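> Got a predicted structure here, sequence first:
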Amino acid sequence: MEDVARGLVDFVRDHQIWAAPVVLVLAFGESLAFISLLIPAWGALVAIGAMMGPGQINFWPVWVAGGLGAALGDWLSYWIGFTFKDRVASIWPLSRHPGLLPRGVAFVEKWGIPSIYIGRFFGPLRATVPLAAGIFEMPYWRFQLANWISALIWSAVLLMFGDVISRVVEWVWRTV
């Protein structure tokens with residue numbers, strides 16, 4: 001998986017025009033239930049954010065693409081949970097990780113709408129919170145509002161984290 005992420009980052013470095021579409025697809029996969037368990041893309045998103053420091057990539061279109069991809073992934077996950085309810089637990093790869101969905105369900109039951117914001121930033125929860133919200137039939141528009149806002153925040157945080165790291169490394173490199 002590391003080689004694939006490194007290849008994508010190298011591709012974006014060489015073909016900056018593709019940064020936004022690549023980030024959209026990575027954020028969608030990172031936020032979509034099932035896929036996010038198989039392909040953790042956050043490292044590639046942070047690495048692409050690191051390319052913003054040197055001015056190679058424009059923040060705004062990549063940020064919007066990341067937020068859009070993440071929100072669409074969670075929207076689809078919510079729909080799957082809403083449509084298939086408890087049968088979701090028997091679908092692979094959740095069937096191989098039986099503890100993930102109950103943790104997501106407990107988290108959504110305890111925290112409600114804030115669980116969408118909190119779950120966005122924690123790997124296994126990111127994959128199960130939207131499913132659990134759909135299973136419990138969290139009000140659609142409340143979910144969507146939290147989904148879109150948290151997706152834009154998440155995208156900005158990952159990209160800016162990469163940008164800050166690149167600036168710190170550059171500063172240390174020049175100083176030392």
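Here it is on my side, so go on. Since we're looking at a predicted model, the values are computed, not measured. Numbers count the residues shown, from 1 in each chain.

> where in this structure is pLDDT low?
Within the chain, the segments meeting pLDDT under 70 span 1, 37-38, 40, 53-55, 93.

> Tell me where the protein has helices.
Using DSSP state H, the helices of the chain run over residues 2-14, 19-31, 35-38, 42-50, 59-84, 100-111, 114-119, 123-135, 140-175.

> Columns mean neighbour count and distance to Ser90 on top of these, output as a markdown table?
(C-beta placed from N, C-alpha, C; glycine too.) Formatted as a markdown table, the helices of the chain follow (neighbours: other Cβ atoms under 10 Å; distance: least, Cβ to Cβ, whole Å):
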| stretch | mean neighbour count | distance to Ser90 |
| --- | --- | --- |
| helix 2-14 | 14 | 28 |
| helix 19-31 | 23 | 22 |
| helix 35-38 | 18 | 15 |
| helix 42-50 | 23 | 27 |
| helix 59-84 | 21 | 9 |
| helix 100-111 | 17 | 10 |
| helix 114-119 | 19 | 22 |
| helix 123-135 | 26 | 13 |
| helix 140-175 | 16 | 23 |
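
> can you list these in JSON lines and add distance to Ile91?
Listed next are these as JSON lines, based on distance: least, Cβ to Cβ, whole Å:
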{"stretch": "helix 2-14", "distance to Ile91": "24"}
{"stretch": "helix 19-31", "distance to Ile91": "17"}
{"stretch": "helix 35-38", "distance to Ile91": "11"}
{"stretch": "helix 42-50", "distance to Ile91": "23"}
{"stretch": "helix 59-84", "distance to Ile91": "8"}
{"stretch": "helix 100-111", "distance to Ile91": "10"}
{"stretch": "helix 114-119", "distance to Ile91": "19"}
{"stretch": "helix 123-135", "distance to Ile91": "10"}
{"stretch": "helix 140-175", "distance to Ile91": "20"}
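
> Before I go, just wanted to say thanks for your time.
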